[in-house]
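Peer 1: For reference, the sequence and a predicted model appear below.
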Amino acid sequence: MGACLALLWSCGSKNQEAAKVTFAQDVHSYARPAEARSTHLELDLKVDFEKKVLSGTATHTIAGAKEIVFDTKGLKIAKTEAAGEDRQFRETKFQLGAVDKILGAPLAVTLPEGAKYVRVTYETSPDAIALQWLAPELTAGKKAPYLFTQGQPIYTRTWIPIQDSPGIRITYRAKIQTQPNFFAVMSATNDQKTMVPTGKYEFDMQQAIPPYLMALAVGELQFRPVGGRTGVYTEKPVLDAAAKEFVDLEDMVKAAEKLYGAYRWERYDVLICPPGFPIGGMENPRLTFATPTIIAGDRSLVSLISHELAHSWSGNLVTNATWSDFWLNEGFTVYVERRIQEELYGKQRSEMEFAVEIAELKEEMAKLPAKDQMLYVDLKGRDPEEGVTLVPYIKGALMLRALEEEVGRERWDAFVRGYFDKFAFQSITTAQFEEELKAKFPELKLNVKEWIYQPGLPASTPKIDSYLLSQVDAQLAKFQKGEAMETKEWVAQQWLHFLRGLPESLTAAQMAKLDATYKFTQSGNSEILDAWLVLAIRHKYAAADAALDKFLSSVGRQKFLKPLYTELAKTPDGKARAKAFYAKYKGNYHPIAAGAIGGIVGD
Ligand code: BES
Ligand code: ZN
């Protein structure tokens, strides 16, 4: 196995060298990679939990001449140095340009003749968006603080001076120094064997990745293997539950490999973050970061992990060249996620999850301006976060499904495998995808341009029927008539569909009755609890107030927080409650989430 993996590795880097390196125009980066670019990064950083600051050096290996431009945001630059092959560093001039609200400031460093390395000495700002510093109370162990980073889409520049465009790939090494009792992990090789905390850690990432996949977490972490090349890192109190929830991890990797070829990143581990983690999951290579809210006790929410795992092919191996091409990452990933689900848990479950997502897409799309309903989104002058809607995810996956239906599964699977192989360790544009598709299927009837460059859902949209959801609809009809329902053996997604399908006219008394029978307020499934709490606010079911308070105090996942705060803000009373909750708990939220919630409550 070791030799085989080593082979694949060199195969990957060969691919990368052989490929003609071209760079798509990225409106979200100041870098000019065609003139000078970084190919490798050495990080040497100290983690200061008191000051909430990372400080040290970033040394880039450079290809190019005269001047290199990095992206930065909120970084304090102390000095810049350059060196030739001999690594004798001498100070060189730099200029930090004007600050743009979205992009930050360009850092232009003068390259003397023969410069091969540039070293930047710097420190981060305590309010760097990529960094969440958690006080001990917000961790599972409650004794030690915790730090994690979130780089996507353009936050890596808030902790590293870097050419922060997904079209530019680098390898990296890192030295991280922290308190002796803490453990550090990165999106790189990690120590699974000794796990002896020393406070000094070294990492190596030999496969070239885009900057948004740079990731670091520091805390009182432990590790538990799940399979031969899979495992979980988390704090001790969560370790057992996490390992139990993820028993299928190894099988997931195998299922994905069977479909799309060898897993090229050697290990696949998952870091379960504290509940303040602002998103569901982040596909940091070799080490997915995930919210603990997916631990439901019954593995009902593990599809999130198959999504992040799928990014090991779509996203991390073949990467969107710019944030306008984001659907190449997420649409492919949702498609692959569905296929992994189908392999592991059968077609019924996978189609059910797809059907739920399609309903959500239609709901969201109805509220989006036409320009944001296209797969390729124009993001000039805009924050790339504005492109993060269900359109790239679900409309993207639907188009790929339509392609599968037209050409047939066998030919389509061969295409996707070939696509991952051909563009492995490269960043590509939507136009390149279109070209590849045309080359392989010249007779294609599907109007791909309509899918990519027109708003709405084309007439060619595949119909996804779910038997399991129609069962729920039948019971909802009974509920409307006041008849007894049959809910035996319902799975979490069916319950969610049920809660979302309850009538607007629902009364608090009806909610109390439902709660007495199905115990929603006590649900250990975060998705169900979240949907229930939204209803509790809407229908003034006060018995869930304590659960709402607890949820808002600890969970930082925006997908859950936004609907709750939005529902509260719909009435004057509710808005006052929302403001009070926000004032009390905003310190517990990630800077990205706090900003978004502040907007909702009018702060
Ligand atoms: N790569 C995304 C997370 C992301 C996207 C972060 C854009 C910042 C900007 C990740 O793979 C993802 O999509 N996570 C989802 C879960 C998934 C199952 C849809 C999430 O966090 O909700
Ligand atoms: Zn994703």
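Peer 2: Thanks, I have it. Being a predicted model, the structure only gives us computed values, none of them experimental. Ligands and ions are numbered 1, 2, ... in the order given.

Peer 1: residues near the spatially closest residue to Glu434 that is not a sequence neighbour, how many?
Peer 2: Among residues not flanking Glu434 along the chain, Val448 sits closest, at 6.3 Å (Cβ to Cβ, 6 or more residues apart in numbering). C-beta: built from backbone N, CA, C; applies to glycine. Close neighbours of Val448, defined as other Cβ atoms under 10 Å, add up to 21.

Peer 1: Please report how far Val448 lies from ligand 2.
Peer 2: Remark: distance between Val448 and ligand 2 (Cβ to the ion, to the nearest Å) = 22 Å.

Peer 1: please begin residue numbering at 26 from this point
Peer 2: Happy to do that; since the first residue is 26 now, the last one works out to Val473.

Peer 1: Got phi/psi on that residue?
Peer 2: The phi/psi pair for Val473 (degrees, to the nearest 10) reads phi -60, psi -40.

Peer 1: Then Leu136?
Peer 2: phi -100, psi 110.

Peer 1: Kindly state the pLDDT recorded for it?
Peer 2: Here the pLDDT value assigned to Leu136 is 98.

Peer 1: Was I right to think it contacts Ala88?
Peer 2: No: in terms of Cβ atoms under 8 Å, Leu136 does not count as a neighbour of Ala88; the distance is 10.7 Å.

Peer 1: the more surrounded of the two?
Peer 2: More neighbours surround Leu136 than the other of Leu136 and Ala88, with 21 against 15 (other Cβ under 10 Å).

Peer 1: circling back: tell me, what's touching Leu136 and Ala88 both at once?
Peer 2: Taking Cβ atoms under 8 Å, 6 or more residues apart in numbering as the contact rule, Leu136 and Ala88 both touch Ala61.

Peer 1: what's near enough to touch the residue nearest to Glu459?
Peer 2: Met424, Leu428, Glu459, Leu462.

Peer 1: I'd like to know how many residues surround Ile179.
Peer 2: Neighbours of Ile179 using other Cβ under 10 Å come to 26.

Peer 1: what sits against it?
Peer 2: Taking Cβ under 8 Å, 6+ apart as the test, what Ile179 contacts is His53, Ser54, Asp96, Ile127, Leu128, Asp189, Tyr237, Trp348, Pro409.

Peer 1: Just the element for it, please.
Peer 2: Following DSSP states H and E, one finds Ile179 outside all helices and strands.

Peer 1: Neighbours of whatever residue of the stretch 526-628 of the chain ends up closest to ligand 1, how many?
Peer 2: Residue of the stretch 526-628 of the chain nearest ligand 1, by Cβ to the nearest ligand atom: Lys584 (5.1 Å). The tally of other residues near Lys584 (other Cβ under 10 Å) stands at 16.

Peer 1: cool, the one 10 residues further on as well?
Peer 2: Under the neighbour criterion other Cβ under 10 Å, Ala594 is assigned a count of 19.

Peer 1: And for the closest residue to Pro483 other than its chain neighbours, the neighbour number?
Peer 2: Among residues not flanking Pro483 along the chain, Glu475 sits closest, at 5.0 Å (Cβ to Cβ, 6+ apart). Look at Glu475: counted by other Cβ under 10 Å, it has 16 neighbours.

Peer 1: helix or strand for the residue nearest to His85 when sequence neighbours are not counted, which one?
Peer 2: Excluding the flanking residues, the one nearest His85 by Cβ to Cβ, 6+ apart is Ser63, at 3.9 Å. Assignment of secondary structure by DSSP H and E places Ser63 within strand 61-73.

Peer 1: Show me which positions of that strand end up buried.
Peer 2: Using 16 or more other Cβ atoms under 10 Å as the burial criterion, the residues of strand 61-73 that qualify are Ala61, Arg62, Ser63, His65, Leu66, Glu67, Leu68, Asp69, Leu70, Val72, Asp73.

Peer 1: Could you single out the nearest of these to Phe208?
Peer 2: Checking the buried residues of strand 61-73 against Phe208 with Cβ to Cβ, the nearest one is Val72 at 11.5 Å.

Peer 1: beta partners for that closest one?
Peer 2: Leu79 (DSSP bridges).

Peer 1: Quick check: it touching Lys200?
Peer 2: No: using Cβ under 8 Å, Val72 is not in contact with Lys200; the gap is 11.2 Å.

Peer 1: Alpha carbons only: can I get stretch 240-256 in CSV?
Peer 2: What follows is stretch 240-256, C-alpha atoms only, in CSV (Å, rounded to 0.1, in the frame of the first residue of the first chain):
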residue,chain,number,x,y,z
ALA,A,240,-5.7,25.0,7.8
LEU,A,241,-4.6,24.9,11.5
ALA,A,242,-6.3,23.9,14.7
VAL,A,243,-4.8,24.0,18.2
GLY,A,244,-6.3,22.7,21.4
GLU,A,245,-6.4,19.8,23.8
LEU,A,246,-6.8,17.2,21.1
GLN,A,247,-6.8,13.5,21.1
PHE,A,248,-6.8,11.0,18.2
ARG,A,249,-8.7,7.7,17.7
PRO,A,250,-8.2,5.6,14.6
VAL,A,251,-11.3,4.4,12.8
GLY,A,252,-9.7,2.4,10.0
GLY,A,253,-6.3,1.9,8.5
ARG,A,254,-6.0,5.3,7.0
THR,A,255,-8.9,7.1,8.7
GLY,A,256,-9.5,8.5,12.2
